[in-house]
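Colleague: kindly return the folded structure for what I paste below:
(3 chains)
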Amino acid sequence: MSGQTSEPASGPTGDPTPGARAGQLLRDVRAARPLVQNITNFVSMDIVANALLAVGASPAMVHAPEETAEFTPRVDALVVNVGTLSKDSAHSMEQAVTTARVHGRPWLLDPVAAGALTFRDEVIQRLLRHRPAIIRGNASEIMAVARAAGLTQEAAAPRGVDSAHTTQEAEALAAKLARHGFCAVVATGEVDVVTDGERILRVANGSPLMPRVTALGCSMSAVMGAFLAVCDDPFEAAFAATALYGIAGERAAAHAKGPGSLRVAFIDTLYAIDPQDVAANLRMA
Amino acid sequence: MSGQTSEPASGPTGDPTPGARAGQLLRDVRAARPLVQNITNFVSMDIVANALLAVGASPAMVHAPEETAEFTPRVDALVVNVGTLSKDSAHSMEQAVTTARVHGRPWLLDPVAAGALTFRDEVIQRLLRHRPAIIRGNASEIMAVARAAGLTQEAAAPRGVDSAHTTQEAEALAAKLARHGFCAVVATGEVDVVTDGERILRVANGSPLMPRVTALGCSMSAVMGAFLAVCDDPFEAAFAATALYGIAGERAAAHAKGPGSLRVAFIDTLYAIDPQDVAANLRMA
Amino acid sequence: MSGQTSEPASGPTGDPTPGARAGQLLRDVRAARPLVQNITNFVSMDIVANALLAVGASPAMVHAPEETAEFTPRVDALVVNVGTLSKDSAHSMEQAVTTARVHGRPWLLDPVAAGALTFRDEVIQRLLRHRPAIIRGNASEIMAVARAAGLTQEAAAPRGVDSAHTTQEAEALAAKLARHGFCAVVATGEVDVVTDGERILRVANGSPLMPRVTALGCSMSAVMGAFLAVCDDPFEAAFAATALYGIAGERAAAHAKGPGSLRVAFIDTLYAIDPQDVAANLRMA
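Modeller: Down below sits the predicted model:
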């Protein structure tokens, strides 16, 4: 990390820099302790709840149709992740996002393995109608969602959950999808791309060891939901969580011996990191 | 921890002190290796099973109605946790507790997020009819169960899974609930309250970092089930598990850098702790 | 580990030794990054996915009937684990193994708690008809599967998920089951037995702390699926994964303070272990 790439606390216009703003939003999450509902896959439940607790938010894994109608109106944000989708969970998701929209609760879509399976793509297409504030996935997933939204004919089918594309390849479609959906879009990878169709920021922090920890991306979406709960601008919320994850991952990886110890150190870092360090260590690409 | 607050191995009457008795029950669990059935939420599955194995018990996550009728009669204790409730899992729970009662197997109720949702409160109300030996929750949950049992009109609705009350506020209702249900009741928090309506003990051990680890409370209920399996007195079993958790959590937190390393150290401590240390480090409030 | 028990890289005939072959297959897994579909229990999801990622494979937890028909034909191997069985998941399993067979995808059966429950044994019996390439379980489970296959009248019912037998007791039935099913069979325990009915190898590596980590055996089955994906001989694949698990567990346990730190160190070791160390540290019994 050279002095060139880190940034001062305010830009030339006196506005806070993106990194300083991200640090401030982390402070806000810790102070507000937002209640974040997650309808997520079975693999990610543990790390999603632990990441939310570590960052200072309050996780709730309410997913039954019998409970979402009553619960969703009172949460601060909703995160929907299609990882281990079934007919039942798809029904819960649709009911929850409908409720969220009616009651003005912001929600985030994590389209795990989009483009890989027909049933999943149909569910994602139906969910998109209820206007997520943020869509976060890897490059292939974002491209597949853009295709599901009718924005490209290009096939982007990965075999499984891993990306077959770089975020650079996904950037133009990510911006198009953001404009189409009036939302923020995040494509994560070696360089993370955050855009709302007008603005675009690229985060170069992170570690190649991070994709070796299962559901770390799912937990990033959940934490992004916590930022969304304290910030009216989905683009800013998306960027802040992206910066936090890249910096915390990089720091945790510095002392990890492998994916096992990385996961432990990562949760510790989310809990302990000084908001000022977010601004100080941010590297834009 | 001052010398004043720790306790000798036997009280003035020569009876073992609560701490010495807790240590003895830990020895009993390790020797008996009780089979503990858990119908629990998806977030807690991993830590529940690992905590039971660490303490020396044998966990079984059998929850399908096709299997509980045959399985429950042969377990040493049953633990029911309503965390990620659905219509199906509620049905399994009712079937399992009915079977447990018929076959004389003790069972414990963990009423996660009681008071927050109508469907959940109705399920809890139905489960209560089958007489749990122990009810364990945070202060708000215990107060909500007391309300579901018709013991108070006071609204105790928390927004999510976190408590909105101290255990001091819940103490009177906890004792009333214990007398009403002929069971032991544990309200955990900064000070843990254990009561059977006649006796009451308060444990001051623990660490403020513990609620930052997801489902640690759920795993405490499961381990309490293991103690229930080796002890005819639910109050004593409840107290022993409460003491063990407070002391192990405190010890693990002493070297933890955050919730990630706390969780790892906590499981290690459950496995390695000397039963004598339970008595030696107990702090009553 | 004495010099006597470790083995040279090639045997007297010049063929690679089993240990050298296991190391080579680990290299192949890391190079091929096989896509392994898992229909597994809720307790094991996290450690299964993390073990597969650590070893260099790509895990996919697709289990809904709506998706398996489309997904299974394109995976490199399928692993079916009956841990937290239900009517729905049994249906998914049958559909997936049928599809795997039709499309020539190898699959592995992990018969968790076989012999303990009627419903489970019936499902296992139906799954067996679709010819798994490998069956992996503890001694009691392998004996119960042999009984379900009509190969013995001997009752082998354990109470829960823990084995009531040694692998020595299971060895003859394991070989009989392998011949009957034209597959490889692995019975894990203090000594792990790997057989295809003709050949038999016994691995003495491992640590008594390993059974204290929940679902480590389930994750071993998943990793065995990754080896099955890169090797046409199920016996060789089964042996390589067994050797890797024993050696990695032994190494991780050397510095662990309990089951919590063992799990973390184990995942780190799966990721970092040098394939040559597999051959160098293998101890046959």
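Colleague: near chain B, which residues of the stretch 51-200 of chain A?
Modeller: Within the stretch 51-200 of chain A, the positions near chain B by Cβ under 8 Å from any Cβ of the partner chain are A:53-54, A:58-64, A:66-67, A:70-71, A:74-75. Quick note: C-beta positions are derived from backbone N, CA and C, even for glycine.
Colleague: which among these gets closest to C:K257?
Modeller: A:A54 (22.4 Å; Cβ to Cβ).
Colleague: for that closest one, give me the pLDDT.
Modeller: pLDDT, A:A54: 98.
Colleague: how close does the spatially closest residue to A:G217 that is not a sequence neighbour sit to A:E141?
Modeller: Sequence neighbours aside, A:T188 is the residue nearest to A:G217 in space, at 6.3 Å (criterion: Cβ to Cβ, 6 or more residues apart in numbering or on different chains). According to Cβ to Cβ, to the nearest Å, A:T188 stands 9 Å off from A:E141.
Colleague: for A:S207, same thing?
Modeller: Counting by Cβ to Cβ, the gap from A:S207 to A:E141 is 20 Å.
Colleague: out of the residues of the stretch 51-200 of chain A next to chain B, what pair is the most spread apart?
Modeller: Distance extremes for those: the farthest pair is A:A54 and A:E66 at 29.8 Å, using Cβ to Cβ.
Colleague: comparing these two, which residue is more hemmed in?
Modeller: More crowded of A:A54 and A:E66, by other Cβ atoms under 10 Å in any protein chain shown: A:A54, with 26 against 20.
Colleague: and the most centrally placed residue in chain A, what does it touch?
Modeller: Nearest residue to the geometric centre of chain A (Cα atoms, centre = their mean): A:S221, 2.9 Å. Contacts for A:S221 were tallied using Cβ atoms under 8 Å, 6 or more residues apart in numbering or on different chains; they are A:V79, A:N81, A:L108, A:D110, A:R136.
Colleague: convert the C-alpha atoms of the helix or strand bottoming out on mean pLDDT in chain A to PDB, please.
Modeller: Taking mean pLDDT, DSSP states H and E as the measure, chain A has helix A:65-71 as its least confident helix or strand, at a mean of 93. C-alpha atoms of helix A:65-71 as PDB (Å, rounded to 0.1, in the frame of the first residue of the first chain):
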ATOM      1  CA  PRO A  65     -44.400 -17.200   5.200                       C
ATOM      2  CA  GLU A  66     -46.300 -17.500   8.600                       C
ATOM      3  CA  GLU A  67     -44.000 -14.900  10.100                       C
ATOM      4  CA  THR A  68     -42.600 -12.600   7.300                       C
ATOM      5  CA  ALA A  69     -45.800 -10.700   6.800                       C
ATOM      6  CA  GLU A  70     -45.800  -9.600  10.400                       C
ATOM      7  CA  PHE A  71     -42.000  -9.200  10.800                       C
END
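Colleague: which residues outside that helix are in contact with it?
Modeller: By Cβ under 8 Å, 6+ apart, helix A:65-71 touches A:37, A:39, A:60, A:62, A:91-92, A:95-96, A:99, B:85-87, B:116-120.
Colleague: what about 7 Å?
Modeller: Contacts of helix A:65-71 with the rest of the structure, by Cβ atoms under 7 Å, 6 or more residues apart in numbering or on different chains, involve A:37, A:62, A:91-92, A:95-96, A:99, B:85-87, B:117-120.
Colleague: I'd like the distance between the residue in the stretch 101-250 of chain A positioned nearest to chain C and A:L262.
Modeller: Distances between the stretch 101-250 of chain A and chain C by Cβ to the nearest Cβ are smallest at A:T214, namely 3.7 Å. Distance from A:T214 to A:L262, counting by Cβ to Cβ: 11 Å.
Colleague: also A:A77?
Modeller: Distance of A:A77 to A:L262, computed by Cβ to Cβ: 27 Å.
Colleague: what does chain A put close to chain C?
Modeller: Within chain A, the positions near chain C by Cβ under 7 Å from any Cβ of the partner chain are A:42-43, A:46, A:84-87, A:117-120, A:159-162, A:212-214, A:257-261, A:264.
Colleague: which one of A:S207 and A:E141 has more residues nearby?
Modeller: Here A:S207 and A:E141 are compared on neighbour count by other Cβ under 10 Å; more neighbours surround A:E141, at 29 against 19.
Colleague: how close does that one get to B:H130?
Modeller: With the distance defined as Cβ to Cβ, A:E141 ends up 46 Å from B:H130.
Colleague: ok, A:M210 next?
Modeller: From A:M210 to B:H130 the distance is 46 Å (Cβ to Cβ).
Colleague: now swap in A:A64 and tell me
Modeller: From A:A64 to B:H130 the distance is 21 Å (Cβ to Cβ).
Colleague: again, but for A:R202
Modeller: According to Cβ to Cβ, A:R202 stands 58 Å off from B:H130.
Colleague: ok, now A:A54?
Modeller: 37 Å.
Colleague: next one: A:N138
Modeller: Using Cβ to Cβ, A:N138 is found at 47 Å from B:H130.
Colleague: looking at these two, which is more packed in?
Modeller: Neighbour totals were compared for A:N138 and B:H130, and A:N138 leads with 28 against 18 (other Cβ under 10 Å).
Colleague: which one's the longest helix in chain A?
Modeller: Longest helix of chain A, by residue count under DSSP state H: helix A:234-255.
Colleague: how much space between A:A60 and A:D88?
Modeller: Applying Cβ to Cβ to A:A60 and A:D88 gives a distance of 19 Å.
Colleague: between these two, which one's more packed in?
Modeller: Between A:A60 and A:D88, counting by other Cβ under 10 Å, A:A60 is the more crowded of the two (27 against 16).
Colleague: nearest spatial neighbour of the more buried one, chain-adjacent residues omitted?
Modeller: Using Cβ to Cβ, 6+ apart and skipping residues adjacent in sequence, the residue nearest A:A60 is B:G160, 4.5 Å away.
Colleague: contacting residues for that neighbour?
Modeller: Applying Cβ under 7 Å, 6+ apart, one finds that B:G160 lies in contact with A:L35, A:S58, A:A60, B:A113, B:A116.
Colleague: among those residues, which one has the most neighbours?
Modeller: Using other Cβ under 10 Å as the neighbour criterion, B:A113 leads the contacts of B:G160 with 30 neighbours.
Colleague: how about the strands in the stretch 51-200 of chain A?
Modeller: Ranges of strands within the stretch 51-200 of chain A are A:58-60, A:77-81, A:107-110, A:134-138, A:184-188, A:192-195, A:200-203, based on DSSP state E, counting those that start in this stretch.
Colleague: make CSV from the ones you listed and add mean pLDDT to it.
Modeller: CSV is the format used below for these (pLDDT from 0 to 100):
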stretch, mean pLDDT
strand A:58-60, 97
strand A:77-81, 98
strand A:107-110, 98
strand A:134-138, 97
strand A:184-188, 98
strand A:192-195, 98
strand A:200-203, 98
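Colleague: I'm done for today, thanks for sticking with me.
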